[in-house]
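K.L.:
here is the input, now give the coordinates:
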Amino acid sequence: MLLLLKPAVAQETPLAKPLNLQEAINYALEHNEDVQKASYDELSAKYMIQEAKSNGLPQINGFGKLDVYPAIPVQVIPNVFEGKPDEMIAVQFGTKYNAQGGVQVSQLLFNKSYFVGLQAAKSTRDLYRLRKAMTEEEVIYNVSSAYFQILQTKEQFNTIDANLSRLEQLEKILALQYQNDLVKKVDVNRIKVNKTNLETQKQSLTSAVEQQMNLLKFFMGMPLEEPVELVNTQILLTGDGVTVATADRALQNQVQLQLLDKQKDLTSLQLENIKAGYYPSLQLSGSYLYSAMRKEFNLLDGNMPWFNTAVVGVQLNIPIFDGMRKHAQIRQTEITMKSLEEDRKKLAKNVVVTLENSINQLQNSSSAIQAQEGNVTLAQEVYDTTNKLYKEGISPLTDLLEAEVSLREAQTNLNNEVLKYKLAQLGYLKAAGELNTLTK
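P.N.:
Numbering: from 1, shown residues only. Reported below is the predicted structural model:
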């Protein structure tokens, strides 16, 4: 039975799906919650335009009304019926039951605010589109950064595993030598201490990888229980990639700058809309209704008449004085425009500074990687030589352990510099406004 069940259990264990950086980014752009929300906002802008257009289309409403007067209103009028105009008498006008039903139609003929509002609605659609693009850039950056962090941590795993392998071999040799009274107990303990330290680091890295993987899946919008296996990757730039993106090109590619420009356009339309309130508006209206007046509740009696009424009119509204309200609104909007202009200047300077710093960081990281690669080579040579001398009984164990620690530190420093370089490349692409190239 166990032999039969074992293959079935093995089949239930899902295999980890290989995932490179481009696949991770594309998955995030389809499943990340912030991107989905930005897509919904962009879609809602389409209906905002339809809503703005509807104000200029005919407005048709049907209505019906029933009034019941338990006490009919009384009016006091001169008694002209009996030729006594100086005498006032009380007279009831109307009937107990009154009903009306009809249709009202209105059509906007002219309103400057309507046309400005229509422009603003179309511009809002572009605003949401840019917001979505900015959200996608943020997701691309977060996914890529988390991806590289995991790769660097896994590379550190390889370094620790290699050092553990060396220590385990050395531990076996020392154990045999100790049994033959060739080395002291303290030498064996030193190896155990170093090995325990490495195993502790490995456990910490295991926890760090799990946390980093969960963070990556969070940015991607992927279920935490879905197994994936990251494959090594790198951002490929052209040979002169650090000098291609000029400040002008970076400014043109910055979505955040485009978003600020669009906000300025919308604020300008808002200012125009306020000024449009000084213009008169013209509206055509009409209604057609039937009404009935009854002393008894017999409104559905076909023998009793219903009276029809139709009216068509044009209404002109001319603003004269609003207590300086629009004047205050105009001044507020003009101040908002100036504030947005200052934000744009600040952002433009920040883009140039960030681009320059990212290029410098790329150059520094590249030089640091070359230096650390040479340092690892030297550390490896020192370790190999010391190991050989130790086996020949010329070099003490402490020198070998120090050489092992130096080699491990050199490898760790190299891994850290590689991570810095990848993050510098990522920062460069962000500053240059070219993060979307990672999706291609």
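K.L.:
all contacts plus neighbour counts: C-alpha atoms, from now on.
P.N.:
Fine.
K.L.:
so Val116 sits against Glu272, correct?
P.N.:
Yes: counting by CA atoms under 8 Å, Val116 touches Glu272, with 7.0 Å between them.
K.L.:
do a quick rundown of the strands in the stretch 1-150 of the chain.
P.N.:
Under the criterion DSSP state E, counting those that start in this stretch, the stretch 1-150 of the chain contains strands at 17-19, 59-68, 74-79, 84-92, 97-110.
K.L.:
those strands: which one's closest to Asn360?
P.N.:
With CA to CA, the closest approach to Asn360 among the strands of the stretch 1-150 of the chain belongs to strand 17-19: 30.8 Å.
K.L.:
for the strands of the stretch 1-150 of the chain, which one ends up most surrounded?
P.N.:
strand 97-110 (a mean of 17; mean count of other CA atoms under 10 Å).
K.L.:
can you tell me the strand partners of that one and which way each runs?
P.N.:
strand 59-68 (antiparallel), strand 281-294 (antiparallel) (DSSP bridges).
K.L.:
with mean pLDDT and distance to Leu251 added, can I get the ones you listed in a markdown table?
P.N.:
Output for the strands paired with strand 97-110, formatted as a markdown table (pLDDT from 0 to 100; distance: least, CA to CA, whole Å):
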| stretch | mean pLDDT | distance to Leu251 |
| --- | --- | --- |
| strand 59-68 | 94 | 46 |
| strand 281-294 | 93 | 43 |
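K.L.:
got JSON lines for the ones you listed, with distance to Val351 too?
P.N.:
Formatted as JSON lines, the strands paired with strand 97-110 follow (distance: least, CA to CA, whole Å):
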{"stretch": "strand 59-68", "distance to Val351": "49"}
{"stretch": "strand 281-294", "distance to Val351": "46"}
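K.L.:
so which of those is nearest Ile335?
P.N.:
Nearest of these (CA to CA): strand 281-294, 27.9 Å.
K.L.:
hmm, who's touching that closest one?
P.N.:
94-112, 299, 305-318 (CA atoms under 8 Å, 6 or more residues apart in numbering).
K.L.:
show me where the chain has helices.
P.N.:
Counting by DSSP state H, one finds helices in the chain at the ranges 2-12, 21-31, 33-54, 112-179, 185-220, 241-244, 247-253, 255-276, 325-391, 397-431.
K.L.:
other SSEs contacting the second one?
P.N.:
Taking 3 or more CA pairs under 8 Å, 6 or more residues apart in numbering; DSSP states H and E as the contact definition, the neighbouring helices and strands of helix 21-31 are helix 112-179, helix 185-220.
K.L.:
and that helix with helix 33-54, angle?
P.N.:
Angle of helix 21-31 versus helix 33-54, following axes from the mean of the first three to the mean of the last three CA atoms, to 10 degrees, is 40 degrees.
K.L.:
helix 21-31: how far from the chain's middle?
P.N.:
Here the centre of helix 21-31 is set off from its chain's centre by 14 Å, with CA atoms, centre = their mean, to the nearest Å.
K.L.:
the longest one too?
P.N.:
Here the centre of mass of C-alpha atoms in helix 112-179, compared against the chain's by CA atoms, centre = their mean, lies 16 Å away.
K.L.:
and that helix, what does it pack against?
P.N.:
The helices and strands touching helix 112-179, judged by 3+ CA pairs under 8 Å, 6+ apart, are helix 21-31, helix 33-54, helix 185-220, helix 255-276, helix 397-431.
K.L.:
output the below-cut-off pLDDT ranges for the chain.
P.N.:
Along the chain, the model assigns pLDDT under 70 to residues 1-14, 232-245.
K.L.:
who wins for proximity to Lys185 among the strands of the stretch 1-150 of the chain?
P.N.:
Nearest of these to Lys185, taken as CA to CA: strand 17-19 at 46.7 Å.
K.L.:
give me the sheet partners of that closest one and which way each runs.
P.N.:
Using DSSP bridges, the strands paired with strand 17-19 are strand 228-230 (parallel).
K.L.:
so Ser123 versus Asn364, what's the distance?
P.N.:
To Asn364, Ser123 is 43 Å away according to CA to CA, to the nearest Å.
K.L.:
give me the more crowded residue out of those two.
P.N.:
Comparing Ser123 with Asn364 by other CA atoms under 10 Å, the one with more neighbours is Ser123, at 19 against 15.
K.L.:
my read: the more buried one touches Lys262, true?
P.N.:
Yes: assessed by CA under 8 Å, Ser123 is found in contact with Lys262 at 7.4 Å.
K.L.:
and the helices of the chain, which is most packed in?
P.N.:
Greatest average neighbour count among the helices of the chain goes to helix 397-431 (a mean of 21), per mean count of other CA under 10 Å.
K.L.:
so it versus helix 325-391, what angle?
P.N.:
Per the same axes, to 10 degrees, the angle that helix 397-431 makes with helix 325-391 is 160 degrees.
K.L.:
does anything pack onto helix 397-431? Which helices or strands?
P.N.:
Under the contact definition 3+ CA pairs under 8 Å, 6+ apart, helix 397-431 sits against helix 112-179, helix 325-391.
K.L.:
swap in 6 Å and give it another go.
P.N.:
Packing partners of helix 397-431 (3 or more CA pairs under 6 Å, 6 or more residues apart in numbering; DSSP states H and E): helix 325-391.
K.L.:
same for the helix it packs on, what does it pack against?
P.N.:
Against helix 325-391 (3+ CA pairs under 6 Å, 6+ apart) you get helix 397-431.
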